[in-house]
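**Student:** make a model of this:
(2 chains)
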Amino acid sequence: VAGGLTRRMVAASALLAVIVGAAFVVLLLAIADLRRSERQANHSQEILTVSNELERLVLDLETGQRGFVLTGEERFLQPWHTARKSFPRLARALLALVAGDPPDTRLAMRIAKGETSYIRDYSVPLVKAARRGDAFARSVSTAAEGKRRVDAMRADFDRLLLAERRDSATSQSHADTAARRSKIAATGGLAGSIVLIALYAGYLTRVIVRPVRRTAVMADRLAGGDLGARMPESSPAEIGALERSFNVMANSLEKDRDELARLAEQQAALRRVATLVARAASPDELFAAVTEEVGQLASVEFTRLCRYGFDGTVTIVAGWSRSGDYVAAPVRQLLGGKNVSTFVFETGRPARMDSYADGSGPVAAAALEAGFRSAVGTPIVVEGRLWGVMIAASNVEQPLPPDTEARLADFTDLVATAIANAESRADLAASRARIVGAADETRRQIERDLHDGAQQRLVSLALELRAAQRAVPRELGELKAELSRVSEGLASALDGLREIARGIHPAILAEGGLGPALKTLARRSVIPVVLDVQAEARLPERVEVAAYFVVSETLTNAAKHAHASVVHVDVEAVDHVLRLSIRDDGAGGADPARGSGLVGLKDRVEALGGTISVQSAFGAGTSVDVELPLDD
Amino acid sequence: VDFRVLIVDDNRSFLDAARVLLEREGVSVVGVCSTSAEALRKAEELRPDVALVDIMLAGESGFELARNLVEQVSDGGPTVILVSTHAEADFGDLIAESPAIGFLPKSELSADAIRLILDGRSG
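**Tutor:** Residues are numbered from 1 along each chain as shown, chains lettered A, B, ... in the order given. Below is the predicted model:
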């Protein structure tokens, strides 16, 4: 990162260090100056002290000797002796103090020499003379000599003091200057540091704290689910990189969420369709649902579900358009030319056309008219054979997204399963219907064969026998009686045969229809039957037969097991459905799983696409409700 | 000979047996036939008193023929008695609703049985 924050920080810190360092250097120098000045002042003070001491010695000498000279009393010499004894020590101390300062050393040497000379050459001789009583001691000239010597020494002392005072003043002024300078340096350093730190803090707030706080707010919004939150990518250096990274993260989160939402939507659509498949919804209902789900999911304008014919045609069996103007109509078109339906038919694989401008053939013409501009088709393969094609189309001339085929395929698989199921169910129902129909037909045939064959033949034989009886002469009474017994046996055999024929197939059903047939059943029943038939005279034969056997079997059960006192039979044909309701007031407790009669009825009813329900709680009678469709 | 009979049935052996029996019992059988069309023509032509009509004619309904005999033959046509190998109960109300005056199971056919039905109507 050019001009990175780290470099800026280092530069700012270095500048601050330079300013603070310079201020400290100035301060340290000033302190050193002060210390030197102080030492200098102390030195001068010591010189002054020692020289004052020496000056006082001179006074002591002078005062002592004068007192002695005037009085001759030894006690005045006490300070004089002390001064003489102290002098060498103080003179050495002064010389030591002024060592290194040649003018002062010269002055000190002169003072020491003068004072030595004063003691040796004047004071001592004077005291000796006085002690002797010499007049010399009191002479004016001697006094003048002493005064001259003392004045000369005093002048030297004054000069030394003056020199020392001057030195002291000079060093004091140095110290003052240094102190002033250090004050200025400290103040300047402090002010500069404060200003710099303030600028630095302001800069940090602007380039780091504020963007970081803004990022935190955005991160909160992001965490709160507002995936549209974005940072302005305006900050420099690392913070700018942070903002860009944040936006990249937010983009990727948003993309993932959208992808998830899309997947969830697709799964929901698939589940809805799968539910329809599992519920065995009618193909029309399923096809309509699939075309709409695919249209919504793939965000296209049109979808079509088409079935290939065996004659080189394709038929639209369901469709959907976003504008809602699709009108269901089984349009049949000839395959051929350049169009998605034909491509899929020829290859058995998904196909697409990015522009219908170069399409051809009747299918393409119709598609163009409907508004197709680009389309994708996926084959519907039912148990290994190409059944049809599912088409998604756009009304703009640009390629549909590359995953459109895959999305269609998820649904065409379900459609294929549903079609296979529906075909299996239809096959099963048809085969049940055929089996029941064949059984009924066989029974009717047997009944007719009995009627036309054995029964008729026996009837004729019976009549012929009776005719023969008539021809027997009266006297052959034995033979006549024998023939009469045969005739009766024959009649009884005929009755039995009639009974069997009736059980195989009721002749009256073909002759009179359901109403009369049920009436004969009711009449023959051992339990009283209340019959109410609300139906047209004749219904489809298979329905009449089924209804007849349902009532017949139920009446037999009621008589055999239920010990009922009355049975209500209601028959009603409404809205293409024949409803049978048979209720008895018997013991109840009939178990459809146990009685083979009820199971047989169920097979018979369901083979016709009907339903049967049996309610038979113990003690509450039995009721059987049947619905039989009257249409094919 | 108190009445003249026309027998309509699609079974040849029954026609023969019935004719032999009835004639032996003194009934005049003026004709036998197997189809409705033939029956209507013979009824017009032979003017029988009684027509014995099989309910289950091949491909045709005896009830319908009974109606046609009564309605289409001039001067009221013959009195119709339905016959069948089935029992009367097997046809429920259909016999009562038809213009036939009665029913005879084929196996019980006899001149007396016919007379009984005819008497029942007049009496």
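
**Student:** every contact and neighbour count from this point should use C-alpha atoms.
**Tutor:** Will do.

**Student:** count of neighbours near residue 114?
**Tutor:** I'll assume chain A. A count of neighbours around residue A:114, defined by other Cα atoms under 10 Å in any protein chain shown, yields 18.

**Student:** right idea, wrong chain: chain B
**Tutor:** Other residues within reach of residue B:114, judged by other Cα under 10 Å, total 20.

**Student:** contact partners for it?
**Tutor:** With contacts defined as Cα atoms under 8 Å, 6 or more residues apart in numbering or on different chains, residue B:114 is in contact with residue B:104.

**Student:** what residues of the helix or strand hosting it count as buried?
**Tutor:** Counting by DSSP states H and E, the element that carries residue B:114 is helix B:111-122. Applying a neighbour-count criterion of 16 or more other Cα atoms under 10 Å in any protein chain shown, one finds B:111, B:114, B:117, B:118 buried in helix B:111-122.

**Student:** what about the second one, distance to chain A?
**Tutor:** It refers to residue B:114. Residue B:114 sits 14 Å away from chain A when distances are taken as Cα to the nearest Cα, to the nearest Å.

**Student:** just the third one next, same as before
**Tutor:** Spatial separation of residue B:117 from chain A under the definition Cα to the nearest Cα is 19 Å.

**Student:** same question, the first one
**Tutor:** When distances are taken as Cα to the nearest Cα, residue B:111 and chain A turn out to be 11 Å apart.

**Student:** cool, residue B:31 as well?
**Tutor:** 18 Å.

**Student:** residue A:127 against residue A:64, yeah?
**Tutor:** No. Using Cα atoms under 8 Å, residue A:127 is not in contact with residue A:64, being 9.5 Å away.

**Student:** just send the buried residues of helix B:111-122 back as a markdown table, with pLDDT too.
**Tutor:** As requested, the buried residues of helix B:111-122 are arranged in a markdown table below (pLDDT from 0 to 100):
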| residue | pLDDT |
| --- | --- |
| B:111 | 91 |
| B:114 | 92 |
| B:117 | 91 |
| B:118 | 89 |
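
**Student:** for these, which one is nearest residue B:9?
**Tutor:** The shortest distance between residue B:9 and any of these, using Cα to Cα, involves residue B:114 and amounts to 16.5 Å.

**Student:** contacts for stretch A:335-351 next, please.
**Tutor:** Counting by Cα under 8 Å, 6+ apart, stretch A:335-351 makes contact with A:308, A:312-314, A:352-353, A:356, A:358-364, A:375-379, A:386, A:388-389, A:391, A:405, all of which sit outside it.

**Student:** just the ones of those residues in strands?
**Tutor:** Residues of the contacts of stretch A:335-351 located in strands (DSSP state E): A:308, A:313-314, A:352-353, A:375-379, A:386, A:388-389, A:391.

**Student:** got those as JSON lines, with distance to residue A:479, pLDDT and neighbour count columns?
**Tutor:** Formatted as JSON lines, the entries for these read as follows, by distance: Cα to Cα, whole Å; pLDDT from 0 to 100; neighbours: other Cα atoms under 10 Å in any protein chain shown:
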{"residue": "A:308", "distance to residue A:479": "81", "pLDDT": "93", "neighbour count": "22"}
{"residue": "A:313", "distance to residue A:479": "82", "pLDDT": "91", "neighbour count": "17"}
{"residue": "A:314", "distance to residue A:479": "83", "pLDDT": "92", "neighbour count": "23"}
{"residue": "A:352", "distance to residue A:479": "98", "pLDDT": "91", "neighbour count": "23"}
{"residue": "A:353", "distance to residue A:479": "100", "pLDDT": "90", "neighbour count": "22"}
{"residue": "A:375", "distance to residue A:479": "97", "pLDDT": "92", "neighbour count": "30"}
{"residue": "A:376", "distance to residue A:479": "96", "pLDDT": "94", "neighbour count": "27"}
{"residue": "A:377", "distance to residue A:479": "92", "pLDDT": "94", "neighbour count": "29"}
{"residue": "A:378", "distance to residue A:479": "90", "pLDDT": "95", "neighbour count": "30"}
{"residue": "A:379", "distance to residue A:479": "87", "pLDDT": "95", "neighbour count": "30"}
{"residue": "A:386", "distance to residue A:479": "81", "pLDDT": "92", "neighbour count": "17"}
{"residue": "A:388", "distance to residue A:479": "82", "pLDDT": "93", "neighbour count": "27"}
{"residue": "A:389", "distance to residue A:479": "86", "pLDDT": "94", "neighbour count": "29"}
{"residue": "A:391", "distance to residue A:479": "91", "pLDDT": "93", "neighbour count": "26"}
